[in-house]
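> Sharing a model prediction with you, sequence too.
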Amino acid sequence: MTRLLLNDELLDAQLVRAVGVAGYGGSDLGECLATARRIDERDLDSWFAQWTATATAVARLAEEETAAGSHTSARLAFLRACTYHRTAGVMLLGAPLDGRLVSAYRAQADMFARAAALMELPVERIEIPFGAGTLPGYFFCAAADGRRRATVILTGGYDGTVEELYFANGAAALARGYNVLAFDGPGQGRLLTERRQAIRADWENVITPIVDYALGRDDVDGERIALIGLSLGAHLAPRAASQEHRLAACVADCGAYDLYAAFLDRLPAPLANPRVINRRRVRLALARLLERVAAKPTAGWALRRGMLVHGVDDPLAYVDALREFTLKDRAAQIRCPTWVCSAERDDISASAPQLVDALTCEKTHVRFTAAEGADDHCEQAARALYHARSFAWLDDRLRPRQAT
């Protein structure tokens, strides 16, 4: 996979993730590398401290540029500070909730809001009714003329935020003439860190009120609404599309078919069997193993993150929660055209071909390769290439340049 500077594979992947949004104003290569050089890779406190220091310095620059009336420079600095605060917090994701994660995610949201206030086209902060509460998000118009346009709804994954979705897909969509609606769902961003809402498998019940909101806007063409899922969102988006049939298209980057089966595939062969793993003695042994792994700084990060996002107290309970996250018997219910991708060296997207095989709608599968520099999870080092391919497909179906 793409390697930049750090020896630890996960930390370096998070560095690539930060650098990968530079083309959309989300970071600067020099700032990222300078930060990474200061980090003690054996200490996650160092990771948080150094990214926070960079975020604070860049935010100070943004304040200075604002005071000087240099709104373009201020906007770009606020956007970079947003990414750096999010990156600072991401490695602290885990149960119990770390107060520094809450402050980091709150800071990245504040930096983005300040940048949004300086964007050329008005950006709306929205709160969409959802159950007894709301889903926080942003609505970006492709133009200020109020005409009806094709619109993409962006949904993220385990450790992303609504603000990161702007860099991951929003800016690219706006440049191609789409309106953009991005939001935090249960288990994500503000809903996770401030409202403590756990993620849920039935994402169709999350997307339906989002579509309802979009259809209520005069600047959205209700016949041209697409859903784009990123990372875990590439599992959640097809799940939503299996029941929400008002969508005109669905994009899954990178599509994961069955999360529990993917966990079993990582176990030694004798254990990778639901009948074996459900035996009491095996479960006790597995619980002890998972607890040992979860205690490791980076090797245990995914388990700790999963516990927090799913709202459970131990790693085995997190694994059990994954049983609900399957597209088996659901993928065939998707009616809209669906685009699925996978990356050559990304284990998470290894089951994308299963998803594609299960689809009965119009479907396209694109595989990104190491030769293209796009073998990372969600093509983090090659987002421009990803956008060229995914939006070429979507443009053919939604015609974003046409307004009514």
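Cool, the structure landed.
> Could you pull up the residues touching Ala299?
Under the criterion of Cβ atoms under 8 Å, 6 or more residues apart in numbering, the contact partners of Ala299 comprise Leu10, Val293. Yep, even glycine has a C-beta here, placed from its N, CA and C like the rest.
> swap the cut-off to 7 Å and go again
Val293 (Cβ atoms under 7 Å, 6 or more residues apart in numbering).
> Would you mind giving both backbone torsions of it?
In terms of degrees, to the nearest 10, the main-chain angles of Ala299 are phi -60, psi -30.
> Same check on Ala343?
phi -120, psi 140.
> Can you tell me how far it is from Gln380?
Noted for Ala343: a distance of 9 Å to Gln380, by Cβ to Cβ, to the nearest Å.
> Neighbour count for those two, which is higher?
Taking Ala343 and Gln380 together and counting by other Cβ atoms under 10 Å, Ala343 has the greater number of neighbours (29 against 25).
> my guess is the more buried one meets Asp375, correct?
Yes - counting by Cβ atoms under 7 Å, Ala343 sits close enough to Asp375 to count as a contact (5.2 Å).
> Which positions in the host helix or strand of Tyr386 come out as buried?
Mapping Tyr386 onto the secondary structure by DSSP states H and E places it in helix 383-398. Using 16 or more other Cβ atoms under 10 Å as the test for burial, helix 383-398 gives Arg383, Tyr386, His387, Arg389, Ser390, Phe391, Trp393, Leu394, Arg397, Leu398.
> which outside residues touch stretch 232-247?
Contact partners of stretch 232-247, identified using Cβ under 7 Å, 6+ apart, comprise 155-158, 201, 203-204, 206-208, 211, 225-229, 250, 252-256, 259, 325, 327, 330-331, 333-336, 338, 355.
> so how far does that stretch reach from one end to the other?
For stretch 232-247, the separation between the terminal residues is 19 Å (Cα to Cα, to the nearest Å).
> Next: stretch 353-371.
According to Cα to Cα, stretch 353-371 extends 20 Å from its N-terminal end residue to its C-terminal end residue.
> quick one: contacts for the closest residue in space to Trp393 that isn't next to it in sequence?
Distance criterion Cβ to Cβ, 6 or more residues apart in numbering; nearest residue to Trp393, sequence neighbours excluded, is Trp339 at 5.0 Å. Residues counted as contacts of Trp339 (Cβ under 7 Å, 6+ apart) are Val251, Thr364, Ser390, Trp393.
> The helix or strand hosting Trp339 relative to helix 383-398, how many degrees between them?
Under the criterion DSSP H and E, the helix or strand holding Trp339 is strand 338-343. Relative orientation of strand 338-343 and helix 383-398, computed by axes from the mean of the first three to the mean of the last three Cα atoms, to 10 degrees: 170 degrees.
> so after strand 338-343, what's the next helix or strand?
Counting by DSSP H and E, the element after strand 338-343 in chain order, helix or strand, is helix 352-358.
> In that next one, which of the residues would be classed as buried?
Of the residues in helix 352-358, those buried by neighbour count under the rule 16+ other Cβ under 10 Å are Ala352, Gln354, Leu355, Val356, Ala358.
> looking just at contacts, which helices and strands does that helix meet?
strand 338-343, strand 363-368 (3 or more Cβ pairs under 7 Å, 6 or more residues apart in numbering; DSSP states H and E).
> follow-up on the earlier one: out of the contacts of stretch 232-247, which are inside strands?
The members of the contacts of stretch 232-247 that map onto strands under DSSP state E are Thr155, Ile225, Ala226, Leu227, Ile228, Gly229, Cys250, Ala252, Asp253, Thr338.
> Widest-spaced pair of the residues you listed?
In these, the most distant members under the criterion Cβ to Cβ are Ile225 and Asp253, with 17.6 Å between them.
> By mean pLDDT, which helix or strand of the chain comes out lowest?
Taking all helices and strands of the chain together, the one with the lowest average confidence (mean pLDDT, DSSP states H and E) is helix 274-277, at a mean of 82.
> contacts for that helix?
The set of residues external to helix 274-277 that reach it, using Cβ under 7 Å, 6+ apart, is Leu264, Pro270, Leu271, Val282, Arg283, Leu286.
> okay, the residue nearest to Thr364 when sequence neighbours are not counted: pLDDT?
With sequence-adjacent residues excluded and distances taken as Cβ to Cβ, 6+ apart, Thr364 is closest to Trp339, at 4.8 Å. In this prediction, Trp339 carries a pLDDT score of 98.
> Name the helix or strand for Glu223, please.
Since the elements are taken from DSSP H and E, Glu223 ends up inside strand 220-230.
> same for that strand, what does it pack against?
For strand 220-230, the helices and strands in contact under the criterion 3+ Cβ pairs under 7 Å, 6+ apart are strand 149-155, helix 204-215, helix 233-241, strand 249-253, helix 383-398.
> Other residues contacting the second one?
Taking contacts as Cβ under 7 Å, 6+ apart, the residues outside helix 204-215 that touch it are 128-130, 135, 151, 153, 181, 183, 185-186, 220, 222, 225, 227, 239-240, 242-244, 246.
> The longest one too?
Contacts of helix 383-398 from elsewhere in the structure, counted by Cβ under 7 Å, 6+ apart, are 20, 23, 150, 172, 176, 224, 226, 248-249, 251, 253, 337, 339, 364, 366, 368, 372, 374, 379.
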